[in-house]
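**Q** Everything below, folded, please.
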Amino acid sequence: MTVPDWLLPFLSIDISLWEKVLRTVVVYLGIAALLRVAGKRLLAQMNSLDLVVVLLLSNVVQNAIIGPDNSALGGLIGAVVLVGFNALADRVIEGSAWGRRMFIGEPTELIRDGKVDDVQLRRMGVSRSELAVALRRQGSADPEEVARATLEPEGEILIDLNPGSRAVTRDDLDAAVGELRSLLTQRT
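**A** As a prediction, this is how the structure comes out:
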């Protein structure tokens, strides 16, 4: 069966399959390293300038992945390699403490026992106002109410409130009422 002439430009690739795969994997690893160095904040708290960088980055590395090949088949091969290699990398990284530390990173402590670590805030690129917003979103009005706050590798700030600063839940109230009833029935 012959391929129609109009379909040939879509199916022929100008570089070898292995070169296409190698280019894609090398660029993937390079961008992953750049994002790791850029820091946790870029991943979750992207502002408009960060978005511009990410959009331009994809355009800048496009030729490194496709090389002189502009075929549809070459583009599909690159896409399959990117998605497949990412899935493989996820499995390898999540299955290894070393891989997780190396490629994902570890949480960075921003608050410990109510004291804000300004050195870590500056190092992570988190402003006091961004920290205050994260505190309010998670039920705290003041850093002194916080036992521990961390900037997670994915860019999210997680807050652990001191036990006395946590909001009372319905379960807490039900347990207290149950204890009171128990005390009252014991007295009578």
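
**Q** what about residue 49, how many residues close to it?
**A** Counted by other C-beta atoms under 10 Å, the residues lying close to residue 49 total 7. Bear in mind the C-beta positions are built from the backbone N, C-alpha and C, glycine included.

**Q** Could you do residue 151 as well?
**A** Residue 151 has 28 neighbours, counted by other C-beta under 10 Å.

**Q** again with residue 125
**A** Look at residue 125: counted by other C-beta under 10 Å, it has 14 neighbours.

**Q** Same check on residue 78?
**A** 21.

**Q** go on, residue 111?
**A** For residue 111, the neighbour count with other C-beta under 10 Å is 24.

**Q** Show me what it bridges to in the sheet.
**A** Beta-bridge partners recorded for residue 111 (DSSP bridges): residue 116, residue 149.

**Q** so it makes contact with residue 148?
**A** Yes: contact status for residue 111 versus residue 148: in contact at 6.5 Å, counting by C-beta atoms under 8 Å.

**Q** what is in contact with these two at once?
**A** Overlap of the contact sets of residue 111 and residue 148 (by C-beta atoms under 8 Å, 6 or more residues apart in numbering) consists of residue 159.

**Q** quick one, helices of this protein?
**A** All helices of the chain, identified by DSSP state H, fall at 8-11, 17-38, 40-44, 48-66, 72-94, 97-99, 118-124, 128-137, 170-187.

**Q** how many neighbours does the nearest residue to residue 3 once chain neighbours are set aside have?
**A** Leaving aside its chain neighbours, residue 3 sits nearest to residue 11 (6.5 Å; criterion: C-beta to C-beta, 6 or more residues apart in numbering). Residues within reach of residue 11, counting by other C-beta under 10 Å, total 12.

**Q** hang on, residue 11 packs against residue 72?
**A** Yes: counting by C-beta under 8 Å, residue 11 touches residue 72, with 7.4 Å between them.

**Q** re the thing from before, residue contacts, the residue nearest to residue 3?
**A** For residue 11, the contacting residues are 3, 71-73, by C-beta under 8 Å, 6+ apart.

**Q** and with 10 Å instead?
**A** Contacts for residue 11 (C-beta atoms under 10 Å, 6 or more residues apart in numbering) come out as 3, 71-74, 76.

**Q** how close does it sit to residue 76?
**A** Using C-beta to C-beta, to the nearest Å, residue 11 is found at 10 Å from residue 76.
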